[in-house]
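**Student:** 3D model of this:
(one chain, ligands or ions: 2)
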Amino acid sequence: MTQSVCILGVTGSIGRSTLKILEQHPEKYSVFAIAAYSRIQELVEICKQYHPRYVVVPSARADELAQLLKAQNIQDIEILTDQAGLIAVAEHPDVDVVMAAIVGAAGLLPTLAAVRAGKRVLLANKEALVMSGDIMMQAAKDHGALLLPVDSEHNAIFQCLPEDYLQIEKKGEPESGVAQILLTASGGPFLNYSMEQLKTVTPVQACQHPNWSMGQKISVDSATLMNKGLELIEACHLFSIKEHFVTVVVHPQSIIHSMVQYVDGSTLAQMGNPDMCTPIAHALAWPERIHTHVPPLNPFIHSRLDFQEPDLIRFPALKLARQAMQAGGLAPAILNAANEMAVAAFLQDKVSFLEISQIVEHSLNQVQNGPAESIELILQTDRLARQVASQRIMQLES
Ligand code: NAD
Ligand code: MG
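**Tutor:** Ligands and ions are numbered 1, 2, ... in the order given. Model (predicted):
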């Protein structure tokens, strides 16, 4: 029996890497449904190769996709649209595994639908968990979903924790002799830039990550260190710990993907060449292991590993994220929404690099925090934070 896989965000960097692994293991996995927002031509090529039963696109692109599929004589693929389509495939009874790899808040409801349907959910879409942390984790527990981290750091932490760690009942304190989590960060392309240099960096420079090839949004997040901030929040939820048990360590080589420290003085690290195919394969097959094309680490080439503390003056986004997690409630959703708006504005040359964190800080100050009681309230707060951030962006533009 093959496992039937649904890939949300199939044309993205994580989506593509997922296909690469599935292709290597046709006896284990089949592609049941795929979803993307744009790059329709690419989507047609994927349909040709993998013959999924469903494809989900925005309704504005559905006719174009239908025509292209027809022109290629590809039949028997049903086209679904928008959020309703994403949710339908994520919770479809014939789906075993959902790869949640949409970027940003757009992935929240489909990811939650997969969790509520009790699927094995491979979580790349960290923004969904940042926004809805407690609700998402509780839903996983209530519906018996297996929420497995694909983010390389969280996957590394998961590998360094005791096998049954996710199942243990926890109350914000680490269990099973775990003392602390060391969340590693490459430091991004501007690690050694001065404040003066950071003032004028461009989107093209920000998207050139030294070690990883990723989508634009996460590349900018890596450059501001907001990515590490989002990951700090992600780690607190996934492993049920308070934020002061997570220490961020800058490790420019990206060979150690994160570490777990134990009370007896042991530190366990997971290492490997920086390639997302490793954590994707791990989450797909866990607790088994499957082959990938990723070459094993050659310690003679990577003979030097450096570590340093993050600089919160030049990279204030990390501080803002930690504060948002400390504040709790809706603050992480406000942080995330404002950041999505600010990053999009930076990519369109509307605001400068350093203004990204200023927009986020402004939004956190302006939007009322409170308990994250429901998904509706979280989404409402997300919209409000986007409005506040947009106004700030317009002021900065003029
Ligand atoms: P990407 O920009 O390369 O791809 C995003 C995918 O989401 C595309 O298929 C796009 O069509 C789809 N999408 C975008 N907006 C959508 C919408 N409104 N509705 C439906 N689909 C939409 O991004 P990526 O780098 O693959 O990252 C995806 C997620 O994985 C992000 O949350 C990111 O933080 C996380 N992640 C990525 C990496 C990486 O190495 N790329 C590593 C860890 C975590
Ligand atoms: Mg990561």
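**Student:** For the chain, which residue gets nearest to ligand 2?
**Tutor:** Asp151 (4.2 Å; CB to the ion). Quick note: C-beta positions are derived from backbone N, CA and C, even for glycine.
**Student:** Not counting its neighbours along the chain, what's nearest Leu80?
**Tutor:** Val56 (4.7 Å; CB to CB, 6 or more residues apart in numbering).
**Student:** Let me see the contact set for that neighbour.
**Tutor:** Val56 makes contacts with 8, 33-36, 79-82, 85-86, 88-89, as judged by CB atoms under 8 Å, 6 or more residues apart in numbering.
**Student:** do the same with Arg392
**Tutor:** For Arg392, the contact set (CB under 8 Å, 6+ apart) comprises 358-359, 362-363.
**Student:** now do Thr224
**Tutor:** Contacts here follow CB under 8 Å, 6+ apart; on that basis Thr224 touches 188, 315, 317, 353, 356-357.
**Student:** Closest one of those residues to Ile301?
**Tutor:** Nearest to Ile301 among the contacts of Thr224 is Gly188, at 22.3 Å by CB to CB.
**Student:** Can you show me the helices along the stretch 151-300 of the chain?
**Tutor:** Assigned by DSSP state H, counting those that start in this stretch, the stretch 151-300 of the chain shows helices spanning 152-160, 195-198, 203-206, 216-224, 226-238, 277-285.
**Student:** can you list the residues that contact the third one?
**Tutor:** By CB under 8 Å, 6+ apart, the residues outside helix 203-206 that reach it are 189-190, 216, 219-220, 223, 346-347, 349, 353.
**Student:** Mind checking which of these are buried?
**Tutor:** Neighbour counting over these (16 or more other CB atoms under 10 Å) leaves 189-190, 216, 219-220, 223, 346-347, 353 as the buried ones.
**Student:** Pretty sure Glu175 sits against Asp164.
**Tutor:** No: between Glu175 and Asp164 there is no contact under CB atoms under 8 Å: 10.1 Å.
**Student:** and those two? which has more neighbours close in?
**Tutor:** Glu175 (15 against 8; other CB atoms under 10 Å).
**Student:** for the spatially closest residue to the more buried one that is not a sequence neighbour, phi and psi?
**Tutor:** Leaving out its chain neighbours, the residue that sits closest to Glu175 by CB to CB, 6+ apart is Ile168, at 5.2 Å. Note on Ile168: its backbone torsions stand at phi -70, psi 140 [degrees, to the nearest 10].
**Student:** confidence score at Ile168?
**Tutor:** Looking at Ile168, its pLDDT is 83.
**Student:** picking that back up, generate a ChimeraX selection restricted to the buried entries among the contacts of Val56.
**Tutor:** The ChimeraX command for the buried members of the contacts of Val56 (criterion: 16+ other CB under 10 Å) is given here:
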select :8,33,34,35,36,79,80,81,85,86,88,89
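**Student:** Now tabulate the contacts of Val56 in a markdown table and tack on pLDDT and secondary structure.
**Tutor:** Listed next are the contacts of Val56 as a markdown table, based on pLDDT from 0 to 100; DSSP: H, G, I helix; E, B strand; the rest coil:
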| residue | pLDDT | secondary structure |
| --- | --- | --- |
| Leu8 | 98 | strand |
| Ala33 | 98 | strand |
| Ile34 | 98 | strand |
| Ala35 | 98 | strand |
| Ala36 | 98 | coil |
| Ile79 | 98 | strand |
| Leu80 | 98 | strand |
| Thr81 | 98 | strand |
| Asp82 | 98 | helix |
| Gly85 | 98 | helix |
| Leu86 | 98 | helix |
| Ala88 | 98 | helix |
| Val89 | 98 | helix |
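**Student:** Thanks a lot, catch you later.
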